[in-house]
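A.B. asks: Requesting a structural model of the entry that follows:
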Amino acid sequence: MRELAGRTAFVTGGASGIGLALGRAFAEAGMKVMLADIEAEALERAVKSLAQFGPSVRGTICDVADPASVEDAAGAAFDAFGNVHILCNNAGVAAGGGIDAISLESWRWVIDVNLLGVVHGIASFLPHMRKHGEGGHIVNTASMAGMNADLGFSPYSATKFAAVSISEGLALRLKPFGIGVSVLCPSFVRTRIGESGRNRPPRYGPTPALDPDSPVAAMVAEIARQLEAGIDPADVAARVLAAIREDRLYIFTHPGMRAQVEARFAAILAAMDEVSN
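C.D. replies: Prediction:
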């Protein structure tokens with residue numbers, strides 16, 4: 001999609017971090033923007049903050065883990081702006097993993113948001129995009145954690161690998177319809193994903209306490225440090241807009257991560273070579 005002005009974007013997780021940066025970038029490009037988020041007060045602040053960049057920015061409450069909530073949010077976007085052309089399945093959460101204390105509730109929460117949230121977005125918007133026939137683009141936010149398993153046994157990594165697979169498969173199917181697909185795989189970005197527990201619904205139970213002396217606690221502390229030193233979400237948004245315009249499938253943000261991907265691919269190829277011998 002080379003021309004963005006006058007078109008409409010829908011962004012989940014739009015009240016902060018990468019989602020808010022995407023909303024601003026879209027508004028600055030002359031687009032109509034619907035921000036969707038589960039956090040009401042933050043969403044209201046986000047919409048107000050973008051008023052100066054574009055007059056057509058709205059917000060709608062949305063729990064991406066709930067398909068009915070996503071459907072309602074989609075309806076709000078259609079009612080406000082008509083046809084939607086860009087869908088950003090960006091909402092995401094993180095919860096502790098590890099092998100010492102496996103919380104099934106945390107796994108269910110992360111899967112419901114990071115994986116099924118993507119599926120719910122596609123289910124609510126893809127039929128609409130195909131019907132209006134004006135072209136479109138879907139951006140699914142994954143992570144470098146979807147390209148390597150450095151986090152170990154983690155619901156976050158598992159869902160991000162899934163988001164990469166969904167995007168790759170979707171891109172093949174949607175190309176004939178003039179709908180592009182991108183998968184965003186950033187490394188550390190200055191966002192509040194480390195504070196995901198603030199939006200954890202009661203149905204998933206409380207956030208499990210971490211043993212402060214455990215390896216998982218040390219990893220969480222290091223991730224928090226890396227996030228604080230991460231790149232600006234605006235830099236990520238700029239790469240996303242470029243990828244949409246150029247119809248690129250993969251969006252990476254940290255060139256230093258190449259070595260980790262190469263190591264994984266090398267191991268896979270070596271194992272395949274072993275079978276051939």
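A.B. asks: which residues touch Ala65?
C.D. replies: The contact partners of Ala65, by CB atoms under 8 Å, 6 or more residues apart in numbering, come to 109, 112-113, 116-117, 120, 201. Any C-beta I mention is one placed from the backbone N, CA and C, and that applies to glycine too.
A.B. asks: Including secondary structure, could these go into a markdown table?
C.D. replies: Below are those laid out as a markdown table (DSSP: H, G, I helix; E, B strand; the rest coil):
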| residue | secondary structure |
| --- | --- |
| Trp109 | helix |
| Asp112 | helix |
| Val113 | helix |
| Leu116 | helix |
| Gly117 | helix |
| His120 | helix |
| Pro201 | coil |
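A.B. asks: Can you tell me which one of these carries the smallest pLDDT value?
C.D. replies: For these, the least confident position by pLDDT is Pro201, scoring 94.
A.B. asks: Just want to check the distance between it and Val119.
C.D. replies: Taking CB to CB, to the nearest Å as the measure, Pro201 falls 18 Å from Val119.
A.B. asks: Contacts for the helix or strand of the chain with the lowest mean pLDDT, please.
C.D. replies: Of all regular secondary-structure elements in the chain, judged by mean pLDDT, DSSP states H and E, the least confident is helix 215-228 with a mean of 75. For helix 215-228, the external contacting residues (CB under 8 Å, 6+ apart) are 96-98, 100-101, 151-152, 188-191, 193-194, 210-211.
A.B. asks: just the buried members of the residues you listed?
C.D. replies: A residue is treated as buried here by neighbour count (16 or more other CB atoms under 10 Å); on that basis the buried members of those are 96-98, 151, 188-191, 193, 210.
A.B. asks: May I have the least confident helix or strand of the chain exported as PDB, CA atoms only?
C.D. replies: Presented in PDB, the C-alpha positions along helix 215-228 are these (Å, rounded to 0.1, in the frame of the first residue of the first chain):
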ATOM      1  CA  PRO A 215      17.100 -17.900  37.600                       C
ATOM      2  CA  VAL A 216      13.700 -16.700  36.300                       C
ATOM      3  CA  ALA A 217      13.700 -13.600  38.600                       C
ATOM      4  CA  ALA A 218      17.200 -12.800  37.400                       C
ATOM      5  CA  MET A 219      16.100 -13.100  33.800                       C
ATOM      6  CA  VAL A 220      13.100 -10.800  34.500                       C
ATOM      7  CA  ALA A 221      15.300  -8.200  36.100                       C
ATOM      8  CA  GLU A 222      17.700  -8.300  33.100                       C
ATOM      9  CA  ILE A 223      14.800  -8.000  30.700                       C
ATOM     10  CA  ALA A 224      13.600  -4.900  32.600                       C
ATOM     11  CA  ARG A 225      17.000  -3.400  32.300                       C
ATOM     12  CA  GLN A 226      17.200  -4.100  28.600                       C
ATOM     13  CA  LEU A 227      13.700  -2.600  28.000                       C
ATOM     14  CA  GLU A 228      14.600   0.600  29.800                       C
END
